[in-house]
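In: Sequence first, predicted model second:
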Amino acid sequence: MTLEDELKKLIIDVLELEDITPDDINTDEALFIDGLGLDSIDALELGMALKKKYNLKMGSDKEQNRKHFYSVKTLADLIRSQQTN
C-alpha cells in the first residue's frame, strides 16, 4: 500500500466518511472547500491524526499549512520530507 493510499484510508476513517472509498479520492484533488469538501473542523481532526500516526510536525505559518493540506499528494510529500530529515 502506498503512502497516498494510507492517507486516503486515514481520511475516511478519522472523518467517518461512510459513503466514500479510497478510490473516490483523487490524489491531486483539493481536500477542502472544492474537491472532497472538507471544512476547518475536519482539518483539525485530520491534523491531530497525522501528528499521532506519522509524528508530523506542523509550523505556525497558516498559509504554509494550507498548502500542505491541499491534497493527499501534498500531505504525502510533507510526511516524506519529515521522515527523511
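Out: Great, that's in hand.
In: And for Gly37, the neighbour number?
Out: 10 (other CB atoms under 10 Å). C-beta coordinates here come from the backbone N, C-alpha and C atoms, glycine included.
In: Kindly report the same for Asn55.
Out: Asn55 has 10 neighbours, counted by other CB under 10 Å.
In: Secondary structure element holding Ala76?
Out: Assessed by DSSP states H and E, Ala76 sits inside helix 72-83.
In: which residues are contacting that helix?
Out: With contact meaning CB atoms under 8 Å, 6 or more residues apart in numbering, helix 72-83 is reached by 3-4, 7-8, 11, 25-29, 31, 50, 54-57, 67-69.
In: Narrow the residues you listed to just the buried residues.
Out: Using 16 or more other CB atoms under 10 Å as the burial test, the contacts of helix 72-83 include 3-4, 7-8, 11, 25, 27, 31, 50, 54, 56, 68-69 as buried.
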